[in-house]
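Peer 1: Here's my sequence, what's the structure:
(chains A and B)
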Amino acid sequence: MKPVVLLVDDEKSTRSALRRVFKKNNFDILEAGSGQVALDVLESNIVDVVVSDQRMPYMNGTKLLSQVKQTYPNVGRIMLSGQSDYDDLCEAINEASIYRFLHKPWDEEQLVSAVKEVVPSGILNSDIKTSKGDALGDVTSSRNNKVMAAIIKDAVIRHQAD
Amino acid sequence: MGCYSRRRRCRGSGVEGLELLANEEVDIIISDMRMPKMDGAEFLRKSRAVAPNAMRILLTGYADMEAVISAVNDAKIHSHLNKPWDDKLLEVAINSALDCKLKEGRRKKIMLEC
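Peer 2: Predicted structure coming up:
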């Protein structure tokens, strides 16, 4: 199973460039042009790592990754920033508990290796949305369980549709 | 830090900190950044080898963005606070680190049992 990376950036050209990098390195790729779209994507997909820009309109990278931390605590969080200042960085560490902070323009090798380093725990820990505050739930769910649940759900929907 | 004072250990340098970590189990490491010989980012990075399960908090007295980025990427710090620190923020950081460590411990235990 390929690791899944969600690329979040309001600039389409940046997302395209990132997509090429991760495609070449054998990742499954999801994209979002804003924080809100990223949360929608997370709601309905399995994601191992979110790589997010910091400066985006409406919801910046820190706010998005803080939300990811709260709702999907086992999903890896990486900030990829072109213009962050010191306060942005501190906020990203303390509020979003980011795993890595990388600069744009990125070094491809460094970026891919950072994401790969974050991925195993994402897969092992099961990046599953669990009920908030349910610590045991965080750890007992599994990625495979979610895949299985999705298959069962699809089967039930198809059965009901028939 | 009154309620945490039961098992508090203090050392004056990164080298002494690493020596302590080699001999004692520590839950949370709080380190200054600017220290002679070995700075906080290097100390915390090296602490990962001797105390992989400890949570790391960095204190800095000046805004050095690259140093803090290195602490995130290489030392895997949990939190970062500016000096002089706000006691309440430090308490929040410590509680959050302890909570994170507890959850991680439970996760590992369950993974081993599965």
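Peer 1: Regarding residue B:72, which helix or strand does it belong to?
Peer 2: helix B:65-73 (DSSP states H and E).
Peer 1: what's the average pLDDT for that helix?
Peer 2: When pLDDT is averaged over helix B:65-73, the result is 92.
Peer 1: Determine the set of other helices and strands touching that helix.
Peer 2: helix A:86-96, strand A:100-103, helix B:40-50, strand B:55-60, strand B:79-82 (3 or more CB pairs under 8 Å, 6 or more residues apart in numbering or on different chains; DSSP states H and E). To be clear about C-beta, it is placed using only N, CA and C from the backbone, and glycine gets the same treatment.
Peer 1: try it again with 7 Å
Peer 2: The contact analysis (3 or more CB pairs under 7 Å, 6 or more residues apart in numbering or on different chains; DSSP states H and E) places helix B:65-73 against helix A:86-96, strand A:100-103, helix B:40-50, strand B:55-60.
Peer 1: Need the winner for burial among these.
Peer 2: Among these, ranked by average contacts under mean count of other CB atoms under 10 Å in any protein chain shown, first place goes to strand B:55-60 (a mean of 23).
Peer 1: got the angle for that one vs helix A:86-96?
Peer 2: 160 degrees (axes from the mean of the first three to the mean of the last three CA atoms, to 10 degrees).
Peer 1: ok, and does strand B:55-60 reach over to chain A?
Peer 2: No. Residues of strand B:55-60 contacting chain A under CB under 7 Å from any CB of the partner chain: none, with a closest distance of 8.5 Å.
Peer 1: So which other helices or strands are in contact with that strand?
Peer 2: With contacts taken as 3+ CB pairs under 7 Å, 6+ apart, strand B:55-60 sits against strand B:28-32, helix B:40-50, helix B:65-73, strand B:79-82, helix B:87-113.
Peer 1: What pairs with that strand, parallel or antiparallel?
Peer 2: In the sheet, strand B:55-60 lines up against strand B:28-32 (parallel), strand B:79-82 (parallel) (DSSP bridges).
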